[in-house]
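Q: here's a sequence, model it:
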Amino acid sequence: MRLVVDVIEARNIPAMDLNGFSDPYVKLQLGKQRQRTKVVKKSLNPSWGEVFFFKVGDLKGELIITVLDEDKFFNDDFIGYLKLPVSLVFEAPQKSLGHVWYPLNPRNNKPKNKDLGEILLNIYFHQNGSSKDLRCYASSSTCTSPSRQDDSASSKEEKSITLTQKSLPARIPPPWRQEDGVSFKEERSISLSQKSLAGRIAQIFNKNSDAVVTTSTNSTDSVEMPENSKADALDDKSDDQSSSVSFEEAMKTMESRDQGSDLPSNLPGGVLVDESYVISPAQLNAQLFSPDSSFPKSLAEVQGSTDTQFSPWKFDDGDPGLKRIYTYIKAPTKFIKATKATEEQTYLKADGKSFAVLAVVSTPDVPYGSTFKTELMYCITPGPELPSGEQSSHLVISWRMNFLQGTMMKGMIENGARQGLKEGFEHFTTLLAQSVKPVESKDIGLNKEQILGSLQAEPVSDWKLAVQYFANFTMASTIFMALYVIVHIWLAAPGTIQGLEFVGLDLPDSIGEFIVCGVLILQGERVMRLISRFMQARARKGSDHGVKAQGDGWLLTVALIEGSNLAAVDSSGFCDPYVVFTCNGKSRTSSIKFQKSRPEWNEIFEFDAMEEPPSVLDVEVFDFDGPFDDATSLGQAEVNFLKTNISDLADVWIPLQGKLAMACQSKLHLRIFLDNTKGGYVVKEYLSKMEKEVGKKINLRSPQTNSAFQKLFGLPPEEFLINDFTCHLKRKMPLQGRLFLSARIIGFHANIFGHKTNFFFLWEDIEDILVSPPTLASMGSPIIVITLRLGRGMDARHGARTQDEEGRLKFHFQSFVSFNVAHRTIMALWKARSLSPEQKVQIAEEESEIKCLQTEESGSFLGVEDVSMSEIFSVTLSVPISSVMEIFSGGEMDRKAMERAGCLNFSCSQWDSESADVYERQIYFRFDKRVSRFRAEVTSTQQKSPLADEKGWLIEEVRTLHGVPLGDYYNLHIRYQMEDLKAKGCQVRVFAGVAWLKSTKNQKRVAKNILSNLEERMQELFRF
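A: Numbers count the residues shown, from 1 in each chain. Below is the predicted model:
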């Protein structure tokens, strides 16, 4: 038997290099058998997807898996490891451990509380026959008989493995990793040469790898056949092991074999093509890959490629993938002569609607060509719905470089490949657009009303819902117990009165009867709770659903369709979810769906017009139990409009992040639309507004300049450049480049001798901007220090100067040609994306003046007398009443008392006289996170007047809560009564009640939650 180890991916790997990343790879060892994966460059969440085989002769052995970070000039850094006994796999069900995330362990002398990340493995035993079949597939050109397969030590088989290694797809492990003897010898020889000083120096200058390649090449030259005869021989031998079918039959076969697997993710090198076309996915797939299509040959002619040859599509035995080989001679360039390229295309998915093809390109004749392969991923999915009813397709092509060996020329190779691929796929999109019509953005926008108009909740009768809801063990057992008790009462004779009983009161006569009565009461309470929840779960729309947006500008519309696999937080196995959408400081809240794990909303939310396009949309799902509960977050997600194509958001499933969400694989189904109702005028108006803030004319950039800016940072078409400045980025050494400013981002770009530094972050990510005085190091220029919020801007951390104790990134920019203009522009753009607490107080005061609260002739305040109020707090203090009234004076003591009660950003106006002995003021504050998970904002109006006997004060308050569920359904009324006890001090009594402005079935539940929380706040407020 053989042990199969599938090394899939890892996550949360610690950064081992100065650039904030690692270059991780995995070493595997079982006894004397050693193997390793490829190196994934600059990643903390690497993905390998490689399979390894080990011969198992003793079940007492241990599989050692070590994750290391590759260093070019020094010893590789240790990251973490784990040990697995082979017997554990053998004793597992079906001799497989399945897909499991394993935590990485430190060395013995390292602290064990450090998080070293996790690695995803699939480990299982494989029978020898199956293993031979897979090995035969890996070297299909040489495996013709079982006897030849078993002869793993023969030199002929070793040579055939070397000959066929270049044609293997990237997702199939190379033969030298499957044949244990070969892999161990080669690795041992390479490692011995690298241990010596001469070997290390040779490795630095890339001589060792060349020598190894030369050796392997020489060994294969002696058995290499002429090109034509070799191709014929390969075709003849492959006929026995693979079947050639027509393209249409092959697609039907792939569709029948599909098991609903997800499409592979884009390759990490970047996206080359991201376009939608007016054609069905199946037709686009045939256009690109069918043997009868003329598109590949036309593309080769446009790109200057010659001698194009396509092998037929074939299924290889033992592998469900459909493959073909495409060979051609690439046109010469300024630096590289014409060279032969071999492209192996493999279908990873084809279900009739979605297609994924992996193309692995080998160019062994170019310099260092034996050290790398270029991988391309073609993904075809259904595109957006069109008003005409025609089908559309979405084509995404991504790429990466897969380095088989280490070389110092990696950077140069990647840059050259990136430039060549960019130019090649520009020809690709141009040629494809001539035969297939691309989808225009206006066609998608016209379909918005149709898509949103089709959202209707499926009508379900109350009886059907009741049957589904009450069909559980609790209800069935309760009905059985109730019938049992009724029959018992009917059959039993009346008992005699004894003990403390009297007529009409029958008490339990034994401990057993007492326990039975308790069980019946608890069961009845559970049933009543189920009935109450069912009544509350009737369809009730959220206050934000259906409210039309106001104004002209950037209009954001979000359609909340449904949720999937939401986490259960109580014993019932369900939750009471609702969703909060936040964009540019404005929030929209959905309705609450009681007792649902797969809720259906079908609700539409519109955000008022914004002057600048939004950067992100924050989505968070909560479990509801009142505005002051410890709201459990069921998951959150962030929709970044700068990194996502708007057309892709027209119908999208968004996975939720968070412990509960990731454990349950929770998702939300959304439809998001972003429209600009002002066209180009919105840009001009925004620039005019910024000119007033900056005090300098800002010119509108040309479309060519904006297009270059968008391509430089990979931004969507609606992003426009406002200004750019030459400056230095201060890190260890100053780096000269340009700072680009737009409505949503601040970006930096530098290109020094071909080494590019490129990053950007959002204005919303910035927590503070400071100016440091000029120093000698800054060449006499002030330094702008930008501090990001915790956890923000991690994609730009390679440009950060420092990182403070809390983990926030700090960026230093200096040596501006015009510092004052740059600083004013940066500050104006930053302030435009946020509001200070003082500005919010001013807005709250203006709203309170518009909705001026009328004072009754009797002196009652906003109908407080009409609100049902109850005493929630009472205390006798040994301090004079004047000290207590300092809490309401608006001074320092007032602020400290409010902060002690969990109220942040406290601000208030002066006491204004409304009438004789009656004063009034306005208050604004925000609840601390420990008080309200929503960090609700509160605007309040207080009225102060003396008591009737002039022995104290009466303060009446009306609070309005913003940013909490059902916050617009009620107002909170509070009455503070302070009575002077003279020598004994004073007595404080607090009364509170909830005034409901709208009807809801959850009044008691919400009011109880509010008043219980308010009682705790009062205890902190009057603590002397």
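
Q: for the rest of this, base every contact and every neighbour count on C-alpha atoms.
A: OK.

Q: and the strands in the stretch 251-400 of the chain?
A: Counting by DSSP state E, counting those that start in this stretch, one finds strands in the stretch 251-400 of the chain at the ranges 270-277, 306-310, 314-316, 322-330, 339-350, 355-362, 372-382, 393-403.

Q: how about these in JSON lines, adding distance to I784, mean neighbour count and mean pLDDT?
A: Shown next, in JSON lines, are these (distance: least, CA to CA, whole Å; neighbours: other CA atoms under 10 Å; pLDDT from 0 to 100):
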{"stretch": "strand 270-277", "distance to I784": "32", "mean neighbour count": "18", "mean pLDDT": "85"}
{"stretch": "strand 306-310", "distance to I784": "55", "mean neighbour count": "14", "mean pLDDT": "89"}
{"stretch": "strand 314-316", "distance to I784": "61", "mean neighbour count": "21", "mean pLDDT": "81"}
{"stretch": "strand 322-330", "distance to I784": "49", "mean neighbour count": "19", "mean pLDDT": "89"}
{"stretch": "strand 339-350", "distance to I784": "50", "mean neighbour count": "22", "mean pLDDT": "90"}
{"stretch": "strand 355-362", "distance to I784": "46", "mean neighbour count": "24", "mean pLDDT": "92"}
{"stretch": "strand 372-382", "distance to I784": "42", "mean neighbour count": "22", "mean pLDDT": "92"}
{"stretch": "strand 393-403", "distance to I784": "36", "mean neighbour count": "21", "mean pLDDT": "89"}
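
Q: distance of F607 from T677?
A: F607 sits 13 Å away from T677, going by CA to CA, to the nearest Å.

Q: now do Q657
A: If you go by CA to CA, the gap between Q657 and T677 works out to 33 Å.

Q: neighbour count: these two, which is higher?
A: Q657 (18 against 14; other CA atoms under 10 Å).

Q: wait, isn't that one in contact with S633?
A: No - in this structure, Q657 is not within contact of S633 by CA atoms under 8 Å, at 10.1 Å.

Q: hmm, back to that, list residues touching both of F607 and T677?
A: Listed as contacting both F607 and T677 by CA atoms under 8 Å, 6 or more residues apart in numbering are L555.

Q: wait, a helix at I413?
A: Yes - I413: assigned to a helix according to DSSP: H, G, I helix; E, B strand; the rest coil.

Q: mind listing the strands for the stretch 551-700 of the chain?
A: Taking DSSP E, counting those that start in this stretch, the strands of the stretch 551-700 of the chain run over residues 554-564, 577-583, 586-589, 600-610, 616-623, 632-640, 652-655, 667-676.

Q: which one of the ones you listed lies closest to D949?
A: Of all the strands of the stretch 551-700 of the chain, it is strand 586-589 that lies closest to D949, at 47.0 Å by CA to CA.

Q: list the buried residues of that closest one.
A: Residues of strand 586-589 classed as buried: 587-589 (neighbour count, 16 or more other CA atoms under 10 Å).

Q: circling back: kindly reformat the strands of the stretch 251-400 of the chain as CSV and extend each row with distance to F78.
A: Formatted as CSV, those follow (distance: least, CA to CA, whole Å):
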stretch, distance to F78
strand 270-277, 29
strand 306-310, 45
strand 314-316, 39
strand 322-330, 39
strand 339-350, 34
strand 355-362, 31
strand 372-382, 25
strand 393-403, 21
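
Q: nearest to G31, out of those strands?
A: Shortest separation from G31 across the strands of the stretch 251-400 of the chain is recorded for strand 393-403, at 27.7 Å, computed as CA to CA.

Q: got the angle for the closest one vs strand 270-277?
A: Orientation check (axes from the mean of the first three to the mean of the last three CA atoms, to 10 degrees): strand 393-403 against strand 270-277 gives 170 degrees.

Q: any stretches of the stretch 651-800 of the chain with poor pLDDT?
A: Residues of the stretch 651-800 of the chain that meet the criterion pLDDT under 70 lie in 679-682, 693, 695-696, 778-779.

Q: contacts only, for the nearest residue to Q405 once chain neighbours are set aside.
A: Counting by CA to CA, 6 or more residues apart in numbering, T371 is the residue found nearest to Q405 once chain neighbours are left out, at 5.0 Å. By CA under 8 Å, 6+ apart, the contact set of T371 is 403-407.

Q: now do T371 against F403, distance only.
A: 6 Å.

Q: can you give me the strands for the stretch 1-150 of the chain?
A: Ranges of strands in the stretch 1-150 of the chain, per DSSP E, counting those that start in this stretch, are 2-11, 24-30, 33-36, 47-55, 62-69, 77-85, 96-103, 118-126.
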